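Colleague: sequence unknown, structure follows:
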């Protein structure tokens, strides 16, 4: 799957991923109205509104980008109907040829991580049948429980040729509270990064990158430089672009000289572009066109940062 | 909710929680057969089998115990139908008067943690309606992202009078890989424990304990002693009893002199008791009776450990 991701990045010239993290406040009123008219002001109604909104965006940007990253929490808050929309979104994006990174940040003790890996990347045996639950291509994983919490995910990835992004240094303001604390004179995130590099050696793609990647926030460029060196074979998923404050120039050092090795996420900067002053002239009716323009601009921003950096 | 938990512990004389972590291999053949006959060898069939199995156990032990802890991963692996069974299990246990701890180990950046907190503890606005998704009383939370990943859960708990158990020192063999690393000469889990104590001060119950508790594995009794002191007002959820190797005597120091301050989890030791040699004579048909006997024995084991320790 890392090979497919790389191939799609090369084809689109866009090392970006769009975070499908719908909040009700992003969904245009006319879509909510239609959804509530058919399903009521219920969880089903909310799930329908999000589905219509997602579909509009996906249809309008899927040719420009290699991958999407739906954040499951945004669906889980609408209960079972929300999770049905999560599943429909994953399946629809895969139909459109997109690589799907499930942003689930799961992680537990061995047997439980194994169940999560089955749920999102694997297959489950029911009597004599083999079934799939959710079916993403990659998922994000929390490393706090150590190797035996991560290994079951790796085992399923080996079987299914799927991949992981392990949280190393997250993009949020308080990520340093534990992640930056010094252990043997080096921050915790460097130790986690070393483990990611070691875990990744078990499962290499054909392009020099592993199926086991890392999450490092765009908001911490200096740390990103160090982590790029510690994990030379790990693809880095970089959240924090746009709404969280980082821009193209903060990102170049996450990449190798072939403009590979990282994929930059933007969520509300793309999906809610029409609410941004810059794209306000599109209007709510044309929210998906605003998203398309925001994708074009993001690709250009990153590529001109590459030019300026001589990459 | 911490007050309700304490009241229920006093009433039952049982500081224990039963982990409803069903695996297909635990479910008796005759239940699987009935479920597959009505729903097929499908995710729906698996979800039905788990529901029938859970219901049998809950009906047979609910008068003995204060709380249950369904592990969502075990349901999530069966996709949407599995999560429907998770929700039915949560609702049914609440009808039976049990406190429900959703073992979800979620944790993310602020706005995403907020969505998870809404999903599992709160309410969500849909148009002019207020809806609930899942509706546990407590959830477990992963602290790797720091305060701004935890605070949204605390905010929802304040509103809803619900509670949390934050992962501090987990029960699994590799938990030490990061959690035990020394920072300023003290292991990471102690620093996390200090934060838990500080977070908990925002939200105290009337019994001297906070709505913000901690998870500390029974498999690490020495660390438990230290953490008990670092977090004097935090209830400790203690996994690792039974199948993971700990017994009553390893647990007494998690408790205060009133036999409060902790709640000990057993999962497969209770729910799959009939598969254990000790309870083998019950037979698969009487799996729920075996579970009941295992609960009785666990309560006795813990209470005699209290006696021996003079508590």
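Modeller: In hand now; what should we look at? Computed from a prediction, not measured in an experiment: that's the story for all the values here.

Colleague: just the strands in the stretch 151-300 of chain A please.
Modeller: In the stretch 151-300 of chain A, strands defined by DSSP state E, counting those that start in this stretch lie at A:163-169, A:182-183, A:186-187, A:212-216, A:236-238, A:262-266, listed in chain order.

Colleague: Out of those, which gets nearest to residue A:61?
Modeller: Shortest separation from residue A:61 across the strands of the stretch 151-300 of chain A is recorded for strand A:262-266, at 11.2 Å, computed as C-beta to C-beta. Where C-beta positions appear, they are placed from N, C-alpha and C, glycine not excepted.

Colleague: Which helix runs longest in chain A?
Modeller: With secondary structure taken from DSSP state H, chain A has its longest helix at helix A:287-308.

Colleague: Now do that one: distance to the chain's middle.
Modeller: Centroid separation between helix A:287-308 and its chain, computed with C-alpha atoms, centre = their mean, to the nearest Å, is 17 Å.

Colleague: what does it rub up against?
Modeller: With C-beta atoms under 8 Å, 6 or more residues apart in numbering or on different chains as the test, helix A:287-308 has contacts from A:13-16, A:18, A:28, A:53, A:56-57, A:59-61, A:64-65, A:241-242, A:247-249, A:251-252, A:255, A:259, A:264, A:266, A:269-274, A:276, A:279, A:282.

Colleague: out of everything not next to it in sequence, what's closest to residue A:108?
Modeller: Nearest residue to residue A:108, sequence neighbours excluded (C-beta to C-beta, 6 or more residues apart in numbering or on different chains): residue B:105, at 5.5 Å.

Colleague: Distance of the one you found relative to residue A:7?
Modeller: Plainly put, residue B:105 is 34 Å away from residue A:7 if you go by C-beta to C-beta, to the nearest Å.

Colleague: Between the two, point out the one with more neighbours.
Modeller: Relative neighbour count places residue B:105 above the other of residue B:105 and residue A:7, with 29 against 13, counting by other C-beta atoms under 10 Å in any protein chain shown.

Colleague: Am I right that the more buried one sits in a helix?
Modeller: No - Residue B:105: not assigned to a helix; according to DSSP: H, G, I helix; E, B strand; the rest coil it is strand.

Colleague: so it touches residue B:140, yeah?
Modeller: Yes - counting by C-beta atoms under 8 Å, residue B:140 is a contact partner of residue B:105 at 5.1 Å.

Colleague: Can you point out the buried residues in stretch A:19-31?
Modeller: For stretch A:19-31, burial by neighbour count (16 or more other C-beta atoms under 10 Å in any protein chain shown) applies to A:19, A:20, A:21, A:22, A:23, A:24, A:26, A:27, A:28, A:31.

Colleague: sec struct for the nearest residue to the fourth one once chain neighbours are set aside, please.
Modeller: Closest residue to residue A:22 apart from its sequence neighbours, by C-beta to C-beta, 6+ apart: residue A:50 at 4.6 Å. Remark: residue A:50 carries the secondary structure label helix [criterion: three-state DSSP].

Colleague: check contacts around the residue in the stretch 201-311 of chain A positioned nearest to chain B.
Modeller: Going by C-beta to the nearest C-beta, chain B is nearest to residue A:239 of the stretch 201-311 of chain A, at 8.0 Å. Contacts of residue A:239 were listed using C-beta under 8 Å, 6+ apart, and they are A:19, A:170, A:171, A:215, A:217, A:218, A:265, A:267.

Colleague: Please convert those residues to a markdown table, extending it with distance to residue B:175 and pLDDT.
Modeller: Below are the contacts of residue A:239 laid out as a markdown table (distance: C-beta to C-beta, whole Å; pLDDT from 0 to 100):
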| residue | distance to residue B:175 | pLDDT |
| --- | --- | --- |
| A:19 | 31 | 98 |
| A:170 | 20 | 95 |
| A:171 | 25 | 91 |
| A:215 | 21 | 97 |
| A:217 | 25 | 93 |
| A:218 | 30 | 90 |
| A:265 | 29 | 96 |
| A:267 | 32 | 96 |
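
Colleague: Which ones, among those residues, also lie beside chain B?
Modeller: Filtering the contacts of residue A:239 for proximity to chain B (criterion: C-beta under 8 Å from any C-beta of the partner chain) leaves A:170, A:171.

Colleague: which of the contacts of residue A:239 lies closest to residue B:185?
Modeller: Sorting the contacts of residue A:239 by how near they are to residue B:185, with C-beta to C-beta, puts residue A:170 at the top with 25.7 Å.

Colleague: Does that closest one touch residue B:142 like I think?
Modeller: No - contact criterion C-beta under 8 Å: residue A:170 and residue B:142 do not qualify, at 11.4 Å.

Colleague: Spit out the residues that contact those two alike.
Modeller: Going by C-beta under 8 Å, 6+ apart, residues that sit against residue A:170 and also against residue B:142 are residue B:149.

Colleague: picking that back up, reformat the buried residues of stretch A:19-31 as CSV; add secondary structure.
Modeller: Compiled in CSV, the buried residues of stretch A:19-31 are given as follows (three-state DSSP):
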residue, secondary structure
A:19, strand
A:20, strand
A:21, coil
A:22, coil
A:23, coil
A:24, helix
A:26, helix
A:27, coil
A:28, coil
A:31, helix
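
Colleague: what about chain A, any weak spots by pLDDT?
Modeller: Within chain A, the segments meeting pLDDT under 70 span A:243-244.

Colleague: how does it look with 80?
Modeller: Chain A contains residues with pLDDT under 80 at A:242-246.

Colleague: can you tell me the helix or strand for the most centrally placed residue in it?
Modeller: Centrality entry for chain A: nearest residue to the mean C-alpha point is residue A:69, 3.5 Å, by C-alpha atoms, centre = their mean. Taking DSSP states H and E as the definition, residue A:69 sits inside strand A:67-70.

Colleague: What pairs with that strand, parallel or antiparallel?
Modeller: Partner strands and pairing direction for strand A:67-70 (DSSP bridges) are strand A:16-20 (parallel), strand A:99-106 (parallel).

Colleague: Show residues contacting that strand.
Modeller: Counting by C-beta under 8 Å, 6+ apart, residues outside strand A:67-70 touching it are A:5, A:8, A:16-21, A:58, A:86, A:89-90, A:93, A:98-103, A:237, A:263, A:265, A:267.

Colleague: cool, and stretch A:275-283?
Modeller: Outside stretch A:275-283, the residues that touch it by C-beta under 8 Å, 6+ apart are A:26, A:269, A:273, A:274, A:289, A:290, A:293, A:294.

Colleague: Quick one: which of these is the most crowded by neighbours?
Modeller: Among the contacts of stretch A:275-283, residue A:273 has more neighbours than the rest - 27 neighbours, counting by other C-beta under 10 Å.

Colleague: Filter the contacts of helix A:287-308 down to the buried ones.
Modeller: Neighbour-count burial (16+ other C-beta under 10 Å) is assigned, among those, to A:14-16, A:18, A:28, A:53, A:56-57, A:60-61, A:64-65, A:241-242, A:248, A:251-252, A:255, A:259, A:264, A:266, A:269-274, A:276, A:279, A:282.
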